[in-house]
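Engineer: from the sequence below, what's the structure:
(2 chains)
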2 protein chains.
Amino acid sequence: MPTAIIVREVGLRDGLQIHPTFMPTADKLAWISAAAAAGIREIEVTSYVPPKLIPQFTDAAEVTRGALEIPGLKSSALVPNLKGAERGLELGVPMLNFVVSVSRTHNLKNVRREPSESVADFREIVRRVRTESAARRTIISAGLSTALGCSYEGRIPVDDVVRLAVELADAGADELMIADTVGYADPAQVRRVFRAVQQEVKTVPLRAHFHDTRGTGLANASAALDCDITRFDASLGGLGGCPYAPGASGNIVLEDLVFMFDSMGLDTGIDIGKLLAVREQVKAALPDMPMHGALWRAGLPRHYVSAATR
Amino acid sequence: MPTAIIVREVGLRDGLQIHPTFMPTADKLAWISAAAAAGIREIEVTSYVPPKLIPQFTDAAEVTRGALEIPGLKSSALVPNLKGAERGLELGVPMLNFVVSVSRTHNLKNVRREPSESVADFREIVRRVRTESAARRTIISAGLSTALGCSYEGRIPVDDVVRLAVELADAGADELMIADTVGYADPAQVRRVFRAVQQEVKTVPLRAHFHDTRGTGLANASAALDCDITRFDASLGGLGGCPYAPGASGNIVLEDLVFMFDSMGLDTGIDIGKLLAVREQVKAALPDMPMHGALWRAGLPRHYVSAATR
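Structural biologist: As a prediction, the model looks like this:
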C-alpha cells in the first residue's frame, strides 16, 4: 500500500461551476489560501472557459495570479480547448487539466466534439505547451470523464476506457485522471478499470476523481488505493453535485476522505482540524450551496492521533 | 470474492432504540413485512430489554409474533441477559443476539458488568438455550461491540478483539458480530481486525456491523467483503445514530449498501426499487427521525441492471 497521498481540492472548479451565484474573488482566494495553510498541496483553482459560458470563472486570471503567489501550492486549471491552454501558459499555471468523455454521447453534449476530435485537440494542446513552455515544464493532465458510467449511455465498456487512455498517453499526457463523473461506480468496477488501464499504460500516473452521488465515493477511493493510486480529487463538503439532482452530493467529501486516509496511517500532509475550519469558512461564504459530509458533524474519534504524528 | 450476501435490517432495534417516540406496533410490523417482501431475509426485529429501560420495546412480544408469521424471514432479537434469552426461547425466535463490549469502560457503562462477567453470562445463555431448544436449534450470535473503537477508550487493541472473539466462540457462539459501534473504523483497520479474528476463530462465521458516523461506512463494508464476510447489518436510511450527536448517521445506510453490493454483481436477493419504497413508508411513519443516504435521492444509474437479472 502507498504511504503518501495527494488529495487535490477541486471545489473551486468542479464545485463552483454549477453554482449560479458568483463567489467573490476575494472569497475564492481566502479559500485557496486557507486550504493551502491547512496542508492542501494541490488545488484546481479555476477554469479557462469563456466567461459568457460560465460567468463564475470571469475572474479566472485574478484567481490564478493570487493562487500562484502561495508558496508550495501546486495550482492547476481546467482548459477546455487550445485557447484555454494558451491562457494557462500566459498566466504561468504549472498544471493544465484537459478532459475527454469516454462516452461519445456525453462528449458530444458537453463540448460538441467526437471523442476522437477531442483527442486531436489534446494533441494540439500538448504540442503548443511543449513548444512554448519547454523550460517551465508545464504538467499536462488528461482526464477521462464518464469512465465509470454515463447518464446517457449507462455502463461504459472497460475497453473503451483503456483505448482512450492509451490514446491520451500516446498524445503526451503527464497524468491520466479517471473520473466517475456521475457517481455510478462500485469498488469492484474501480479495481477492474484502474487495473486494466495500468496494464496498458505503465508509465503515466493515474488520478482518481470520484463523485459521491450514490454513497459509494469513499468505498471507491479505498478501492483505487488498493490499485496503488495516490492522487485523488475531492471537494470540501462534497461541493459539486449536479444541477439536475438538487441536494445530490457532488465530489467525494474532501474532509471525510482525508480522515479515512489519515486514519489508515497514510500521510496526506493535511491538518484535519484546520481543514474543518476551512469548511466553516467556505460554508459561510456560500450560504446557499448545500454542503455534505459526516466528519464535520461527528468530530474526530476520541484520543485520535493523526498519521503525521503517530 | 463471495457471490451472495446477506444484508440484515437492524433499524427496528438499533435504529429505534434511541428514538424517543414510540413507533406503533402496526407500523413496525408493516415495515418488517414490506422489507421481507422487498427481499430482506434477515431482520433484527426487537430487543428483549425491560420495557422500563427502553419503552420503545414494550411491544417486543407482539412484534416478534408478527414477524414469525412471515414465511422465509429469519427474525432475530437482541437479548441483553439470560432473562431476555428466555423470553426469546418462549417466543420461538430462531436467532438470539447477545453483545459484549471489547472496551471495558463501555461494557461497564452499558451493562454495569466486566467483559469477563458478560462472557460468563453468555456461557449461561448458551447452556440454557442448548438445553431448552435442542430440537429447534436456536442460533446464538455473540456481538463484539466497540471492536473498532470506543468513545471512552479510543482505539481498541486488535489483540483484545481476538481474545474476546475466541472466548465467545469457545462459549458456543454460532456467529460472531464485529461492530464498529461509534463509526471510528477505516478500511485498513477493518481488514486487520477481521483477518486477525479469522486467523484464530476458523469455524465461526463473522458478521460486520458498521456505523457510518464519519462517512467511512461503505468503504469499511467493502473492506470486510475483501475478507470474505457475507453477513452485514445495516438500516434503512441509516437509522440509528447517537443521542449525543444529533443528525449524525447511525448504521450504514441499507439501501446504499445493497446498491453497492448489487452493482458489484453480488446477489443480495433484494429488489432495490421495492426497498426504496419501504424507505418512503418508514420515513412517513417516523417523520421526526432524520434519515440519511444518497441512492434514494439520486436514483439508480441509467440503464441499471440488477445483479439478479444480469
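Engineer: just the pLDDT for A:Gly240.
Structural biologist: pLDDT recorded at A:Gly240 is 87.
Engineer: where's it, which helix or strand?
Structural biologist: Here A:Gly240 sits in a region with no helix or strand, counting by DSSP states H and E.
Engineer: which stretches in chain A count as helices?
Structural biologist: For chain A, applying DSSP state H gives helices covering A:25-37, A:60-68, A:82-91, A:104-111, A:115-132, A:158-170, A:187-200, A:217-226, A:254-263, A:272-285, A:295-298.
Engineer: could you dump these to JSON lines with distance to chain B?
Structural biologist: Just so you know, the C-beta spots here come from the backbone N, C-alpha and C atoms, and that holds for glycine as well. Output for the helices of chain A, formatted as JSON lines (distance: least, Cβ to the nearest Cβ, whole Å):
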{"stretch": "helix A:25-37", "distance to chain B": "19"}
{"stretch": "helix A:60-68", "distance to chain B": "28"}
{"stretch": "helix A:82-91", "distance to chain B": "29"}
{"stretch": "helix A:104-111", "distance to chain B": "11"}
{"stretch": "helix A:115-132", "distance to chain B": "19"}
{"stretch": "helix A:158-170", "distance to chain B": "14"}
{"stretch": "helix A:187-200", "distance to chain B": "4"}
{"stretch": "helix A:217-226", "distance to chain B": "4"}
{"stretch": "helix A:254-263", "distance to chain B": "4"}
{"stretch": "helix A:272-285", "distance to chain B": "11"}
{"stretch": "helix A:295-298", "distance to chain B": "5"}
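Engineer: of all those, which lies closest to B:Gly39?
Structural biologist: Across those, B:Gly39 has its closest neighbour in helix A:187-200 (20.8 Å, Cβ to Cβ).
Engineer: check which helices and strands that closest one sits against.
Structural biologist: helix A:158-170, strand A:175-180, strand A:206-210, helix A:217-226, helix B:254-263 (3 or more Cβ pairs under 8 Å, 6 or more residues apart in numbering or on different chains; DSSP states H and E).
Engineer: got the angle between the last one and helix B:217-226?
Structural biologist: Angle of helix B:254-263 versus helix B:217-226, following axes from the mean of the first three to the mean of the last three Cα atoms, to 10 degrees, is 40 degrees.
Engineer: show me which residues of helix B:254-263 are buried.
Structural biologist: B:Leu254, B:Glu255, B:Asp256, B:Leu257, B:Val258, B:Phe259, B:Met260, B:Phe261, B:Asp262, B:Ser263 (16 or more other Cβ atoms under 10 Å in any protein chain shown).
Engineer: how about the first one?
Structural biologist: With burial defined by 16+ other Cβ under 10 Å, the residues of helix A:158-170 counted as buried are A:Val158, A:Asp160, A:Val161, A:Val162, A:Leu164, A:Ala165, A:Glu167, A:Leu168, A:Ala169.
Engineer: who touches the residue in the stretch 101-250 of chain A positioned nearest to chain B in this structure?
Structural biologist: The nearest approach of the stretch 101-250 of chain A to chain B comes at A:Gly154, 3.1 Å away (Cβ to the nearest Cβ). Neighbour list for A:Gly154: B:Pro301, B:Arg302, B:His303, B:Tyr304 [criterion: Cβ atoms under 8 Å, 6 or more residues apart in numbering or on different chains].
Engineer: and the gap between it and A:Asn107?
Structural biologist: In this view, A:Gly154 and A:Asn107 are 15 Å apart by Cβ to Cβ, to the nearest Å.
Engineer: and if you look at A:Tyr48?
Structural biologist: Counting by Cβ to Cβ, the gap from A:Tyr48 to A:Asn107 is 19 Å.
Engineer: and A:Glu86, by the same measure?
Structural biologist: From A:Glu86 to A:Asn107 the distance is 22 Å (Cβ to Cβ).
Engineer: now A:Ala219
Structural biologist: Computed as Cβ to Cβ, the A:Ala219 to A:Asn107 distance reads 27 Å.
Engineer: buried set for stretch A:132-145?
Structural biologist: Here stretch A:132-145 shows A:Ser133, A:Thr138, A:Ile139, A:Ile140, A:Ser141, A:Ala142, A:Gly143, A:Leu144, A:Ser145 as buried, counting by 16+ other Cβ under 10 Å.
Engineer: before we move on, the earlier item: in terms of pLDDT, where does the residue of the stretch 101-250 of chain A closest to chain B sit?
Structural biologist: 93.
Engineer: same deal with the one 5 residues further on?
Structural biologist: Here, the pLDDT recorded for A:Asp159 equals 98.
Engineer: distance check, it against B:Met264.
Structural biologist: 20 Å.
Engineer: same deal with A:Leu12?
Structural biologist: 33 Å.
Engineer: relative to B:Ala308, which of the buried residues of helix A:158-170 is nearest.
Structural biologist: For the buried residues of helix A:158-170, the nearest to B:Ala308 is A:Val158 (22.3 Å; Cβ to Cβ).
Engineer: for the residue of the stretch 201-310 of chain A found nearest chain B, give me its contacts.
Structural biologist: Here the stretch 201-310 of chain A gets closest to chain B at one residue, A:His303, 3.1 Å apart by Cβ to the nearest Cβ. A:His303 is in contact with B:Glu153, B:Gly154, B:Arg155, counting by Cβ under 8 Å, 6+ apart.
Engineer: low-confidence ranges in chain A?
Structural biologist: Along chain A, segments meeting pLDDT under 70 span A:242-248.
Engineer: which residues does the residue lying closest to A:Ile178 once chain neighbours are set aside contact?
Structural biologist: Spatial nearest neighbour of A:Ile178, excluding adjacent residues (Cβ to Cβ, 6 or more residues apart in numbering or on different chains): A:Ala147 at 4.8 Å. Counting by Cβ under 8 Å, 6+ apart, A:Ala147 makes contact with A:Val102, A:Ile156, A:Val161, A:Ile178, A:Ala179, A:Asp180, A:Thr181, A:Val193.
Engineer: same question, A:His292
Structural biologist: A:Asp212, A:Gly237, A:Gly238, A:Ser249, A:Gly250, A:Val253.
Engineer: the first one: neighbour count?
Structural biologist: Other residues near A:Asp212 come to 32 when the count uses other Cβ atoms under 10 Å in any protein chain shown.
Engineer: repeat that for the second one.
Structural biologist: Residues within reach of A:Gly237, counting by other Cβ under 10 Å, total 26.
Engineer: got the phi and psi for the closest residue to it other than its chain neighbours?
Structural biologist: Counting by Cβ to Cβ, 6+ apart, A:Gly237 lies nearest to A:Met291, which is 3.0 Å off, once chain neighbours are set aside. Main-chain torsions, A:Met291, degrees, to the nearest 10: phi -120, psi 150.
Engineer: wait, isn't A:Met291 in contact with A:Ser235?
Structural biologist: No: using Cβ atoms under 8 Å, A:Met291 is not in contact with A:Ser235; the gap is 9.4 Å.
Engineer: I am finished for the moment; much appreciated.
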